[in-house]
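**Student:** coordinates for the following, if possible.
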Amino acid sequence: MKVLIVDDSSSDRSILRHTFQAHGCEVIEAANGREGLSKAGEGKPDLIISDALMPVLDGFGFLREIKSDKVLNSIPFIFYSAVYTGYDEERLARSQGAAAFLLKPMDPVDLWREIQAILDISALGQSANIPTALGEEEQFLRDYSHIVVAKLEEKVSELEDMFVRVVQVLVNLLDAKSPWTMGHSERVAEHAQDIAREMGLDENRVSKVYLGALLHDIGKIGTYDTLLNKLSALTEAEYQIVKGHPGRGADALEAIDQLKDVIPMIRYHHEKYDGTGYPDHLKYDEIPLAARIISVADTYDSITVTRPYRVALDTGNAIAELRRSAGSQLDPAVVQVFIKFLENSESTDLAGKGSELHENPRS
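**Tutor:** Purely as a prediction, here's the structure:
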């Protein structure tokens, strides 16, 4: 018997390959449904055994293509998949012409016996559980697709959360370069998130602002610790080195597709509203809104956290300094929103943190 195994997991294909070869079968392999269609057309297998969730073309799409092909539609098709949504995959598989839906993992001996039994007693997809009316089948497929989409969205959310946690670990390592900046990036991210929400941005954009703020100083990984920890004023040459961190950070992250929307926030968070900032001397609305938000959050944290080269400000004086910088260093509209948030926040208690406001690239 010639068997086509279609599965995106090479280890699962290996197990199946050895199982079938141990019983004298010839094995063809494919990593997704699209490749499976090509291999089926070339090899004309006697049996197809396929995973359900795969890239490029999933198992159910692959099954539909097989069953719509006049040459291939008589080949017995068995699902062997770890997918389990709580819905009746067996019923759905049979409704589309599969002989069975087997759940991974199975002992190879039991799997072989199950496949033998299916091929012996199956009428190739006939079952009393198959929907009898087209409308019932359409509703069945619609319900099932909603469940699968929900499961996929849940997995995507888990991956996004993991990505943010990895970023936070990276940022914590960055902030640990100096005892004076410990926690700076997370505080800036929290402030930026508050501002973005107060300005009415949707949650997707709020999340991106938060991520951009977490990473805004990532370019300082390439900055000498001696400059970040220097107690006295920077020389002009030292100042130019530190000023390169927005560009270095943006360039370093350029290859990561998931960060393409936050890279401008990193590159432009030291631009000034009046056009005297760096690196590109953008002004007003030329500066992305998210970068203007991060600039206000960054400035506020800089003046409300003790540094070796600055004296602390309390919240009231920090707010006064934000007002004085509105229209020159900072976007006045963003400043106004943040000040209103701070004044209305009953939980804000940052007295004792801070210093005088000035544009310092070490913040």
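
**Student:** quick check: residue 260 vs residue 186, distance?
**Tutor:** In this view, residue 260 and residue 186 are 23 Å apart by Cβ to Cβ, to the nearest Å. For the C-beta atoms, the positions are set from N, CA and C on the backbone; glycine is no exception.

**Student:** ignore what I typed, I meant residue 274.
**Tutor:** In this view, residue 274 and residue 186 are 29 Å apart by Cβ to Cβ.

**Student:** how is the chain divided into domains?
**Tutor:** The record's domain parsing of the chain by automatic domain parsing lists 2-130, 158-344.

**Student:** could you dump the ones you listed to JSON lines with mean pLDDT?
**Tutor:** Shown next, in JSON lines, are the domains of the chain (pLDDT from 0 to 100):
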{"stretch": "domain 2-130", "mean pLDDT": "84"}
{"stretch": "domain 158-344", "mean pLDDT": "85"}
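
**Student:** redo those domains as TSV? Include mean neighbour count.
**Tutor:** Formatted as TSV, those follow (neighbours: other Cβ atoms under 10 Å):
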stretch	mean neighbour count
domain 2-130	17
domain 158-344	18
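
**Student:** and the strands in the stretch 51-200 of the chain?
**Tutor:** Here the stretch 51-200 of the chain has its strands, by DSSP state E, counting those that start in this stretch, at 77-81, 100-103.

**Student:** could you dump the ones you listed into JSON lines and include distance to residue 68?
**Tutor:** As requested, those are exported to JSON lines (distance: least, Cβ to Cβ, whole Å):
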{"stretch": "strand 77-81", "distance to residue 68": "12"}
{"stretch": "strand 100-103", "distance to residue 68": "19"}
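
**Student:** of all these, which lies closest to residue 304?
**Tutor:** Checking the strands of the stretch 51-200 of the chain against residue 304 by Cβ to Cβ gives strand 77-81 as the closest, at 54.3 Å.

**Student:** that closest one pairs with which strands, and in what direction?
**Tutor:** If you go by DSSP bridges, strand 77-81 pairs up with strand 47-50 (parallel), strand 100-103 (parallel).

**Student:** what about that strand, distance to the chain center?
**Tutor:** 30 Å (Cα atoms, centre = their mean, to the nearest Å).

**Student:** may I have the distance across stretch 247-265, first residue to last?
**Tutor:** Stretch 247-265 has its terminal residues 11 Å apart, counting by Cα to Cα, to the nearest Å.

**Student:** what's in contact with it?
**Tutor:** 163, 208-209, 211-213, 215-222, 266-267, 279, 288, 290-291, 294 (Cβ atoms under 8 Å, 6 or more residues apart in numbering).

**Student:** go with 7 Å
**Tutor:** 163, 208, 211-212, 215-216, 218-219, 222, 266-267, 279, 288, 290-291, 294 (Cβ atoms under 7 Å, 6 or more residues apart in numbering).

**Student:** separation between the residue nearest to residue 332 when sequence neighbours are not counted and residue 106?
**Tutor:** Counting by Cβ to Cβ, 6 or more residues apart in numbering, residue 332 lies nearest to residue 326, which is 3.9 Å off, once chain neighbours are set aside. Using Cβ to Cβ, residue 326 is found at 67 Å from residue 106.

**Student:** one more: residue 283?
**Tutor:** 65 Å.

**Student:** residue 45 now?
**Tutor:** 20 Å.

**Student:** measure residue 212 to residue 265 for me?
**Tutor:** The gap separating residue 212 from residue 265 is 3 Å, by Cβ to Cβ.

**Student:** anything in contact with each of the two?
**Tutor:** Each of 290, 294 lies in contact with both residue 212 and residue 265 under the rule Cβ under 7 Å, 6+ apart.

**Student:** can you give the distance of the strand or helix carrying residue 339 from its chain's centre?
**Tutor:** Using DSSP states H and E, residue 339 sits within helix 332-344. Taking the mean of its C-alpha atoms, helix 332-344 sits 30 Å from the chain's own mean (Cα atoms, centre = their mean).

**Student:** how about stretch 106-126?
**Tutor:** So, by Cα atoms, centre = their mean, the centroid of stretch 106-126 is 40 Å from its chain's centroid.

**Student:** what about dumping the CA coordinates of it to PDB?
**Tutor:** As requested, the backbone C-alpha atoms of stretch 106-126 are provided in PDB (Å, rounded to 0.1, in the frame of the first residue of the first chain):
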ATOM      1  CA  MET A 106      -1.700   7.100  19.600                       C
ATOM      2  CA  ASP A 107       0.500   4.100  20.200                       C
ATOM      3  CA  PRO A 108       1.800   3.100  16.800                       C
ATOM      4  CA  VAL A 109       0.400  -0.500  17.200                       C
ATOM      5  CA  ASP A 110      -3.000   0.900  18.100                       C
ATOM      6  CA  LEU A 111      -2.900   3.400  15.300                       C
ATOM      7  CA  TRP A 112      -2.200   0.700  12.700                       C
ATOM      8  CA  ARG A 113      -5.000  -1.500  14.100                       C
ATOM      9  CA  GLU A 114      -7.400   1.500  14.000                       C
ATOM     10  CA  ILE A 115      -6.500   2.400  10.400                       C
ATOM     11  CA  GLN A 116      -6.900  -1.300   9.400                       C
ATOM     12  CA  ALA A 117     -10.400  -1.300  11.000                       C
ATOM     13  CA  ILE A 118     -11.400   2.000   9.300                       C
ATOM     14  CA  LEU A 119     -10.400   0.700   5.900                       C
ATOM     15  CA  ASP A 120     -12.100  -2.600   6.400                       C
ATOM     16  CA  ILE A 121     -15.500  -1.400   7.700                       C
ATOM     17  CA  SER A 122     -15.700   2.100   6.400                       C
ATOM     18  CA  ALA A 123     -17.800   3.000   3.400                       C
ATOM     19  CA  LEU A 124     -15.300   5.800   2.800                       C
ATOM     20  CA  GLY A 125     -17.000   8.600   4.700                       C
ATOM     21  CA  GLN A 126     -20.600   7.300   5.100                       C
END
